[in-house]
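Enquirer: Next come a sequence and a model predicted from it.
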Protein chains: 2
Amino acid sequence: MSHRPGSANGSHGIPEATVARLPVYLRALSALAENGTATVSSEELAVAAGVNSAKLRKDLSHLGSYGTRGVGYDVDYLVYQVSRELGLTQDWPVVIIGLGNLGRALANYGGFASRGFRVAALLDSDPAVVGTTIARIPVQHSDEMEAVVRRHRASIGVIATPAGSAQSVCDRLVASGVTSILNFAPAVLSVPEDVDVRKVDLSIELQILAFHAQRKASMGDPAVQAVGS
Amino acid sequence: MSHRPGSANGSHGIPEATVARLPVYLRALSALAENGTATVSSEELAVAAGVNSAKLRKDLSHLGSYGTRGVGYDVDYLVYQVSRELGLTQDWPVVIIGLGNLGRALANYGGFASRGFRVAALLDSDPAVVGTTIARIPVQHSDEMEAVVRRHRASIGVIATPAGSAQSVCDRLVASGVTSILNFAPAVLSVPEDVDVRKVDLSIELQILAFHAQRKASMGDPAVQAVGS
DNA sequence: GCGGCTTTGTGCAAACATTCACAAGGGCGT
DNA sequence: ACGCCCTTGTGAATGTTTGCACAAAGCCGC
């Protein structure tokens, strides 16, 4: 990720940790709105989002003073403010590259389409897949990448290829003008300063779980407890 | 996630931020090992893992002094040490619940099986899916969850159900003895202290990308620059 | 064996994030 | 209009993470 160190807390800068939580708040708020709830306190929203209420208040305070003391936050208003801050009031065309099992699942994923994201095009290099239709969208050949990206004005690319092709696909996305990349391939991507990469990696998550699971398992183990003391 | 605040840097505690990076190092190391590389310097490994070399050295120093000054790290030895620390020298049976598009992709995901993780069982509540076979594994009914979890001694559960059923599936996993959960459903799960939950959520990642993309877009926009100054 | 070259491991300071605790402020009943 | 109660917004304290910069330490050639 290319975040300049000094740029985090500048004149209008929202801390990275806060940005990462805003989508969670937004989801909780949307659920409340659908529920018909008009206002919500920081404590209630914090519980729904699974965080501490002081943290939630500080996070929201970075967006502005949108609450009313003694009352709480107006749900609809806050949904709008958070959406706007996250840039979800505009349309984000997304291109998915790689339509194996995962890419197909992503293309069909409903939650994708909501909230301003729209799957604009699908690309793959396998001739057996090119030409087929997934989720009503035709799969085009990766060679068309640059033309497709420019035509759809896509600025977000999702890489769901095998690890081996991830970097070259990434390079071509960047060359086509994409500046935000969501990478599902188990590979470290190197990109220019101004391009953002976020990584989603099940294998890593499982390994982190395994670490904690092992620690929990060894807690009850007398041999290890003896060593630990 | 249920990490007691004080437990982070105890007697043998490895910082959470470090744990999250160990799998990345492990992957880079495995690639080097397959490549036939015998030793690697912190600088080389840091580049391969996409981090700063000082950070890498400090991370590794939490596991012990496994490097040789003036030389670097023995790749095979380090692979072993990191694997052991992460708990990957043992077998982790995993149960996947929910076999929609995503669950199916996960069940078929090859990288899953490597590194000690083994898909032990598949569960779904849809009668149309129960009884079918995915990746050579029969899909059983969710009602069998407790029996299946106990029979396979599974301690890791993967939730790939719709958001609506996630909490109830989670509760039943916990009741069956699962203490590590990887949640793909867009929902906040509430669990007891001793259960670890990690969340993987595309929608959130996309929203974070959108935030930064919007900021980048408004940087070049004269109107916004004027307001910023 | 010794000096020079290289790379690790780490003390320290700065940056960042979390949490507490409370003053400031707004609504509501009287 | 006033005072009480409730909840926000935030200063200050604490904890965590990062990154620099360098001393400690191993290898190699001579």
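Expert: Alright, I've got the coordinates.

Enquirer: can you pull the contacts of A:L182?
Expert: A:156-159, A:197-198, A:200, B:202, B:205-206, B:209 (Cβ atoms under 8 Å, 6 or more residues apart in numbering or on different chains). Where C-beta positions appear, they are placed from N, C-alpha and C, glycine not excepted.

Enquirer: So which of those residues sit within helices?
Expert: B:202, B:205-206, B:209 (DSSP state H).

Enquirer: now chain A, which segments are flagged as low pLDDT?
Expert: Within chain A, the segments meeting pLDDT under 70 span A:1-12, A:221-229.

Enquirer: what do you get if the cut-off is 50, keeping everything else the same?
Expert: Counting by pLDDT under 50, the ranges of chain A that qualify are A:1-11, A:227-229.

Enquirer: and the closest residue to A:Q90 other than its chain neighbours, how far is that from A:L45?
Expert: Closest residue to A:Q90 apart from its sequence neighbours, by Cβ to Cβ, 6 or more residues apart in numbering or on different chains: A:G116 at 6.3 Å. When distance is defined by Cβ to Cβ, to the nearest Å, A:G116 is 22 Å away from A:L45.

Enquirer: of the two, who's got more company?
Expert: A:L45 (23 against 18; other Cβ atoms under 10 Å in any protein chain shown).

Enquirer: Would the helix ranked longest in chain A count as contacting DNA strand D?
Expert: Looking across chain A with DSSP H, the single longest helix is helix A:16-35. No - applying Cβ under 7 Å from any atom of the strand, one finds helix A:16-35 separated from DNA strand D by no less than 10.0 Å.

Enquirer: what about the next helix or strand after that helix and DNA strand C, any contact?
Expert: The helix or strand immediately downstream of helix A:16-35 is strand A:39-40, counting by DSSP states H and E. No - against DNA strand C, strand A:39-40 shows no contacts by Cβ under 7 Å from any atom of the strand, the least distance being 9.8 Å.

Enquirer: What is the burial count for A:A54?
Expert: 11.

Enquirer: Could you say which helix or strand holds it?
Expert: helix A:53-61.

Enquirer: Need the contact partners of the helix or strand following that helix.
Expert: Under the assignment DSSP H and E, the closest C-terminal helix or strand after helix A:53-61 is strand A:67-68. Residues from elsewhere that reach strand A:67-68 (Cβ under 8 Å, 6+ apart): A:39, A:42, A:57, A:60, A:73-74.

Enquirer: would you list these in CSV and tack on neighbour count?
Expert: CSV is the format used below for the contacts of strand A:67-68 (neighbours: other Cβ atoms under 10 Å in any protein chain shown):
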residue, neighbour count
A:T39, 16
A:S42, 20
A:R57, 16
A:L60, 23
A:Y73, 24
A:D74, 16
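
Enquirer: For A:L88, state which of those residues is nearest.
Expert: Within those, proximity to A:L88 (Cβ to Cβ) peaks at A:L60, which comes in at 16.3 Å.

Enquirer: pretty sure the closest one is touching A:G72, no?
Expert: No - A:L60 is beyond contact range of A:G72, at 11.0 Å (criterion: Cβ atoms under 8 Å).

Enquirer: Overlap in contacts, those two.
Expert: Each of A:S42 lies in contact with both A:L60 and A:G72 under the rule Cβ under 8 Å, 6+ apart.

Enquirer: for chain A, what spans make up the strands?
Expert: With DSSP state E as the criterion, chain A has strands at A:39-40, A:67-68, A:72-74, A:92-97, A:117-124, A:133-134, A:137-141, A:156-159, A:180-183, A:196-199.

Enquirer: Tell me the helices and strands packed up against the third one.
Expert: With contacts defined as 3 or more Cβ pairs under 8 Å, 6 or more residues apart in numbering or on different chains; DSSP states H and E, the secondary structure elements packing on strand A:72-74 are strand A:39-40, helix A:42-49.

Enquirer: Kindly recompute the last result at 6 Å.
Expert: For strand A:72-74, the elements it packs on are strand A:39-40, judged by 3 or more Cβ pairs under 6 Å, 6 or more residues apart in numbering or on different chains; DSSP states H and E.

Enquirer: Okay, now the sheet partners of the strand it packs on, with direction.
Expert: strand A:72-74 (antiparallel) (DSSP bridges).

Enquirer: Now do the strand it pairs with: everything it contacts.
Expert: A:39-41, A:67 (Cβ atoms under 6 Å, 6 or more residues apart in numbering or on different chains).

Enquirer: Do that strand and DNA strand C come into contact?
Expert: No - residues of strand A:72-74 are not located near DNA strand C by Cβ under 7 Å from any atom of the strand, the shortest gap being 10.1 Å.

Enquirer: Relative to the whole chain's centre, how far out is that strand?
Expert: 26 Å (Cα atoms, centre = their mean, to the nearest Å).

Enquirer: Likewise for stretch A:50-63?
Expert: 19 Å.

Enquirer: Now that stretch: buried residues?
Expert: For stretch A:50-63, a neighbour-count test (16 or more other Cβ atoms under 10 Å in any protein chain shown) marks A:50-51, A:56-57, A:59-60, A:63 as buried.

Enquirer: separation between the residue lying closest to A:V197 once chain neighbours are set aside and A:G103?
Expert: Once flanking residues are discounted, A:V197 sits nearest to A:I181: 4.7 Å by Cβ to Cβ, 6+ apart. In this view, A:I181 and A:G103 are 14 Å apart by Cβ to Cβ.

Enquirer: Same check on A:S65?
Expert: For A:S65, the distance to A:G103 - Cβ to Cβ - is 43 Å.

Enquirer: Who has more neighbours out of those two?
Expert: Legend: neighbour count by other Cβ under 10 Å for A:S65 and A:G103, higher for A:G103 (24 against 8).
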